[in-house]
Structures are given as C-alpha cells and as structure tokens.
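Colleague: I'll drop the sequence and a predicted model, then ask my questions.
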Amino acid sequence: MNATTARGSLLAALACVLVGGSFTANSVLGSYPYAGGQAVRYGLACLLFVPLAGPGARPRLRVLTARQWARLALLAAVGMVGFNLAVLAAERSAEPAVPGVFVGCAPVVVAVMVPLLEGRRPHRTVLSGATLVAVGAFTVQGWGRTDSAGIAWSLCALAGEVGFAVLAVPLLRPLGPRLLSATVCGLAAVESAALGALLDGGGWLRRPDAGETAALLWQAVVVTVVGFVCWYMGMQRIGAERATLFSGLIPVAAAGTAPLVGTGSYGLAQAVGSALVGAGVALGAGVLTRSPGASPVPARARAASGLSGCRRGVLGRRGPGRRSSGSGRSPGGVPGGPAG
C-alpha cells in the first residue's frame, strides 16, 4: 500500500468513525424538530465551509451547467435530506436496526454499480469484501420488528445512500472536496427549511437548549465539516469501491461508544461483527490496491469514483437498538452508512 492509498484509507476511516460516534452523542436531539435541525446543521456547515472553499470558488460555480446544478440539488435531496427522512419514516413502524441493516448493504451495491458505470466488471474479491462488511454490520446491529412499510422505507434509505455515491461521481472533479461540500450543504439547508415549513409550519424551528446546541454544533462542525472533507479527500485517493467499505466502521463505532453514555452494550455479537467488518475492509481494500493476476483499478477511475454516504449521520439518532420516541420528528439509532 503506497502513501496515497494509506492516507486515503485513513481519511475515509476517520470520517466513518466520527459519524458512528455521533449517533450516541446526539441522542439528546430526539425531541428537536427534524427538518429544523437539518437546516441548522447544514446551514452552519455551509458557512464554515465558505472560507475553506478557496479563492477560485466563484468562477468554478459560475461555469457549472444547469444539468450539474440539478445534479447537485438532487444529491442534497436524495443523499442527505431524503436519506434521513426515509430513515425517520422507516422507524415509525420498524425498529432502528432494520433500516440500518438495509443501509449496511450499500458497500455491496456500490461495489457492483460503480464498476458497471465505468464500463468494467465488478471485481469478485471486492464484492466478497463488501459482503463481509454488510454481514458484519448486520451482526453488530441485529434485526428488529418491522412491517411492509418499514421495509419499503428502509429500501428508500438504501437508495438514498447509494444515490449519494453515484450522483456525486462527476461532481468531485470540477468542484473538489471543499467546494462540493459547501455547495451540497447549502442546498441541503435550503431544502430542509422548505421541507420544515411544509410539514411543520411555524414550528419547524425553535431555539435549542444547551444540550441540543452542543449536539447541533458537533453535527455541523465535526461530523459535517471535518467528516465531509476527510471523506471527499479520501475519495480522491482510493475511489468509491474501497471507501464505501469503511462505512462498516459506522455501526462498530456506534456500538463501541454507546456503553460510555449508557445507551447500549458491547457484547459478543458486536465483537464478532467488528471482526467481520475488519476482515471485509482488509479483503476488499487490499485487492484494489494490488491483486495478483488481476488488472488494478485504473488511477483515473479511482480518482473520479464517487462518494458514499457515511458522513450524513441522521439528527436525533439514538444508540444501537434504541427505538425513537415516536414523535415523528426524530429518527432513531441506525448505525449504518452515510449518513453524517
């Protein structure tokens, strides 16, 4: 593994660990308005990204085509706001682990879709590694009660997670990690505010208390700003197939931090699942670095590969296996990709 690959892997892993740890820390957001929290989080993150975007940000945005702007808006709507909304809807009739299991399948879907979109066959060993990651995420989270509506919305959450990867593929090259992050956060903030006004009327936003303020700041500054930059920079170095494997670290980090605040326990299932995730990452990432007897993934394809959703942690998530309050405004604890 060369220095570029090692650095990209570390950046992707750090982003996913930040998201996983945030699920436990943000259990205090259970009663905060969903859309309002999203608008605050992404709006603040956008403002923090502005000085980081660089002096050439405006010219790069001005040359974007209408189709690229539409793709950016769709990326924010599907992969960020829509993803979190699908998780929220799923948990109205399903336990949090159910959408988490579906979202945990994202590495498998991306391992198939990205090569096909690039005109090459999926690598069998990469697909095997992604499957191990998905099985490990399932082992960490377990399964829960659900019905047909819960499964349908969980599938929508999976579609949002995969869409976040696929839609971003052609946008990373012209914008770069920081400007892409700033732009999609700004669009997601506007979309969240519009959604809140539509669904919650005048109550879509309220002043947070001290605990909610701390949680929102953590989501905006650490998970979104730091996590987005780490993730997108990692993508430039290792591509979507390898980076998506690291999303298996999200439930592992969530399960590992839950006992610290008394929202869960770390037992044999979590230990076995963590080992499976580690094995899947090592298998899949290793073969993309150097695979005897197989052609390596072209560097140009790796650099242009898209982004997974492990950064979008859903506001108001609880620890693994905890149900939401049923208020209809806050998702429960799905320790699965994405979201940040």
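Modeller: Great, that's in hand. Numbers count the residues shown, from 1 in each chain.
Colleague: Run a quick neighbour tally on residue 117.
Modeller: With neighbours defined by other Cβ atoms under 10 Å, the count for residue 117 comes to 14. Where you see a C-beta, it was placed from the backbone N, CA and C, and this is true even at glycine.
Colleague: At which residues are the helices of the stretch 201-340 of the chain located?
Modeller: Assigned by DSSP state H, counting those that start in this stretch, the stretch 201-340 of the chain shows helices spanning 210-217, 227-245, 249-257, 268-289, 299-304.
Colleague: Would you mind telling me which of those helices is nearest residue 152?
Modeller: Counting by Cβ to Cβ, residue 152 lies closest to helix 249-257 out of the helices of the stretch 201-340 of the chain; the figure is 22.0 Å.
Colleague: just to revisit the earlier point, just send the helices of the stretch 201-340 of the chain back as JSON lines, with mean pLDDT and distance to residue 104 too.
Modeller: Converted to JSON lines, the helices of the stretch 201-340 of the chain look like this (pLDDT from 0 to 100; distance: least, Cβ to Cβ, whole Å):
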{"stretch": "helix 210-217", "mean pLDDT": "90", "distance to residue 104": "24"}
{"stretch": "helix 227-245", "mean pLDDT": "83", "distance to residue 104": "11"}
{"stretch": "helix 249-257", "mean pLDDT": "73", "distance to residue 104": "7"}
{"stretch": "helix 268-289", "mean pLDDT": "79", "distance to residue 104": "9"}
{"stretch": "helix 299-304", "mean pLDDT": "41", "distance to residue 104": "23"}
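Colleague: which stretch among the ones you listed comes nearest residue 132?
Modeller: Proximity to residue 132, assessed across the helices of the stretch 201-340 of the chain by Cβ to Cβ, is greatest for helix 268-289 (3.1 Å).
Colleague: what distance separates stretch 144-152 from the centre of its chain?
Modeller: Taking Cα atoms, centre = their mean, to the nearest Å, one finds stretch 144-152 lying 21 Å from the centre of the chain it belongs to.
Colleague: Now tell me what touches it from outside.
Modeller: Outside of stretch 144-152, the residues within contact range by Cβ atoms under 8 Å, 6 or more residues apart in numbering are 89-99, 102, 154, 321.
Colleague: let's see 10 Å
Modeller: Contacts to stretch 144-152, defined as Cβ atoms under 10 Å, 6 or more residues apart in numbering, come from residues 86, 89-102, 153-154, 321, 323, 332.
Colleague: Of these, just the buried ones, ChimeraX syntax please.
Modeller: Restricted to buried positions by 16 or more other Cβ atoms under 10 Å, the ChimeraX selection for these reads:
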select :86,89,90,91,93,94,95,96,97,98,99,100,101,102,153,154,321,332
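Colleague: mind checking the longest helix of this structure?
Modeller: Among all segments of the chain classified by DSSP state H, the helix with the greatest residue count is helix 148-200.
Colleague: I'd like the mean pLDDT over that one, please.
Modeller: Averaging pLDDT along helix 148-200 yields 90.
Colleague: Number the residues from 214 up from this point.
Modeller: In the new numbering, first residue 214, that becomes helix 361-413.
Colleague: Specify the angle between that helix and helix 440-458 in degrees.
Modeller: 170 degrees (axes from the mean of the first three to the mean of the last three Cα atoms, to 10 degrees).
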